[in-house]
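Asks: quick one: sequence plus predicted model below, questions after.
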Amino acid sequence: MEYNKIIEKFEDIIGKKWVLTGKDELIPYSKDETSDASAIPDIVLIPENAMQVSQIMKIANKYLIPVTPRGLGTGVSGGALPVKGGIVLSLERFTSILEIDKGNMVAVVEPGVITGKLHAEVEKQGLFYPPDPASLDSCSIGGNIAENAGGPRAVKYGTTKDYVRGLEIVLPTGEMLTPGGKIHKNATGYNLIGIIIGSEGTLAIITKIILKLIPLPKYRVDLLIPFQDFRKASSAINKIFETSIIPVNIEFIEQKAIDALKAYIEEDFPFSEAGAHLLVGIDGNTKENVEKEYETIGEVCLNAGATDVFVADTPQTKERLWKARRSLHDALEKKSRVMEREDVVVPVSRIPELLNFVYKLSEESGFEIVPFGHAGDGNVHINILKMNTPEGEWVKKKEKVVEKLLRKVVRLGGTLSGEHGIGIAKKRFIHISLSKEEIELAKRIKKAFDPNNILNPGKIFE
Ligand SMILES: Cc1cc2nc3c(=O)[nH]c(=O)nc-3n(C[C@H](O)[C@H](O)[C@H](O)COP(=O)(O)OP(=O)(O)OC[C@H]3O[C@@H](n4cnc5c(N)ncnc54)[C@H](O)[C@@H]3O)c2cc1C
């Protein structure tokens, strides 16, 4: 069928207004937050319900048109970029929180709901949805599921995968499925939900989600703990766990990140002369317990070489620290528009070795490398800044530096990505982490879901 006739079919399904073909309309869908990457679609479709998604997929599958699902475009591994052209299918109109069911402790939501908006709505009812990617004010729940997003609170509360009870999905061939439900337990057949979580929009389009909620803890305190250097800070992390207290988060921020942050927010940061900081959160249901736990953690850190402990226990002080933490990504981007962002994860006990290796790599390569992030769950973001490195030298040298880093991570018992996914950004390195057999099996799974390879082709695997 000719191209214009196919467009007419899409217009019949979702209405002319929601079929974008003009160059200016397509450009916003050609980028996400991945540094230095873009790909322009031929057409953008913005449906509003699962039935429309199903009809679109049937046509795309019949005429072998690539379809790239898109949430809100904050991904940093290029998952939402239509690298093979074709359709970008945006879920931006799926914005309803359909139900907050207190009796079953679940929320039923559409995939385009902004994560931070869900937090605010459930918290009004004394409930809690813990996954908190730093992009929570601008990313979608659908994108979070597709990437198995995490956040600082993963140390105590886990990641997105721990909260998905049920899904409505549309397969690349157009069939609609509803695995799971408002149920706690499910041992009926294969865990289809498990395979969709983290599949980066390559297996199915998520059109509805049932999320587990838990009671909102009543008290929370954050500690900002400065250390002279990264060695002392990173070795304190294990000492914290030895107390058997599980903090909500343990974030690691080192001096170069703080310097970039100060330049970005144009104000000072507490203990900004320190070599490294830990940002430790503690929550609970009684003030006494929270106080007891933060005193213990403060003491352990002081014994491990901390130079001070700043207790943020008012909404204003807590917000100041978290606003700063969430600005780190933008602060580094201001310093170097192009950077290579690694999202590696290692066993928590191996973090000191990882950081040692990163600083040596920085010295050897001459690149400024800034690590920060969720050290409490072993997921450290390692940012290699291009700064003024000439393009040719950057491309050649950076590849070697990244490969060296990733091989070290795997030797430490870790893996390539803790939460950002593989997308296009890391697919050339996936063999470092997965065996040939694992990759072959994954490709067979992809074929079972998507026999014509039309859904988000060109992602995860070469
Ligand atoms: C400043 C900043 C901070 C960040 N901090 C974190 C962090 O702390 N933790 C973290 O995990 N991530 C973080 N991220 C990365 C990003 O926000 C997450 O990956 C997020 O989950 C992406 O959601 P999105 O709606 O923007 O998805 P998009 O970028 O639009 O898409 C991401 C992937 O999901 C797929 N997808 C989207 N919606 C659907 C759907 N409904 N069905 C099927 N597939 C779909 C897309 O095809 C793509 O592969 C950060 C990003 C930025 C820019």
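Replies: Great, that's in hand. Numbering: from 1, shown residues only.

Asks: only C-alpha atoms for contact and neighbour calcs from this point on.
Replies: Fine.

Asks: residues from the stretch 51-200 of the chain in reach of the ligand?
Replies: 68-76, 79-80, 91, 111, 133-135, 139-140, 142-144, 146-147, 149-151, 200 (Cα under 6 Å from any ligand atom).

Asks: ignore the last one, the stretch 301-450 of the chain
Replies: For the stretch 301-450 of the chain, the residues in contact with the ligand (Cα under 6 Å from any ligand atom) are 329, 419-420.

Asks: one more time with 5 Å, if that's ok
Replies: Proximity of the stretch 301-450 of the chain to the ligand, by Cα under 5 Å from any ligand atom, involves residues residue 419.

Asks: for the ligand, give me its nearest residue in the stretch 301-450 of the chain.
Replies: Nearest residue of the stretch 301-450 of the chain to the ligand: residue 419, at 4.3 Å (Cα to the nearest ligand atom).

Asks: quick check: the gap between that residue and residue 98.
Replies: According to Cα to Cα, to the nearest Å, residue 419 stands 27 Å off from residue 98.

Asks: between these two, which is the more surrounded one?
Replies: Counted by other Cα atoms under 10 Å, residue 419 and residue 98 do not tie: residue 419 has more neighbours, with 21 against 13.

Asks: find the nearest non-adjacent residue to the more buried one, please.
Replies: residue 149 (5.0 Å; Cα to Cα, 6 or more residues apart in numbering).

Asks: neighbours of that neighbour, just the number please.
Replies: If we define neighbours as other Cα under 10 Å, then residue 149 has 25 of them.

Asks: for stretch 172-180, buried residues please.
Replies: Counting neighbours by 16 or more other Cα atoms under 10 Å, one finds that the buried residues in stretch 172-180 are 172-174, 176, 178-180.

Asks: for these, work out which two are farthest apart.
Replies: 173 and 180 (20.5 Å; Cα to Cα).

Asks: tell me which helix or strand comes right after the lengthiest helix in the chain.
Replies: Longest helix in the chain, counting residues (DSSP state H): helix 391-411. Sequence-wise, the next helix or strand downstream of helix 391-411 (DSSP states H and E) is helix 430-433.

Asks: got the contact list for that next one?
Replies: Residues from elsewhere that reach helix 430-433, judged by Cα atoms under 8 Å, 6 or more residues apart in numbering: 406-407, 410, 415-416, 422, 439, 460-461.

Asks: look up how far residue 197 lies from the most centrally placed residue in the chain.
Replies: Most central in the chain under Cα atoms, centre = their mean is residue 149, positioned 3.7 Å from the mean C-alpha point. According to Cα to Cα, residue 149 and residue 197 sit 9 Å apart.

Asks: and what of residue 406?
Replies: According to Cα to Cα, residue 406 and residue 197 sit 23 Å apart.

Asks: same check on residue 452?
Replies: Taking Cα to Cα as the criterion, residue 452 is separated from residue 197 by 21 Å.

Asks: of the two, who's got more company?
Replies: Higher neighbour count among residue 452 and residue 197: residue 197, with 23 against 19, using other Cα under 10 Å.

Asks: run through the residues that contact that one.
Replies: 145-148, 161.

Asks: TSV for those residues, including secondary structure and neighbour count?
Replies: Formatted as TSV, the contacts of residue 197 follow (DSSP: H, G, I helix; E, B strand; the rest coil; neighbours: other Cα atoms under 10 Å):
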residue	secondary structure	neighbour count
145	helix	25
146	helix	30
147	helix	26
148	coil	23
161	helix	21
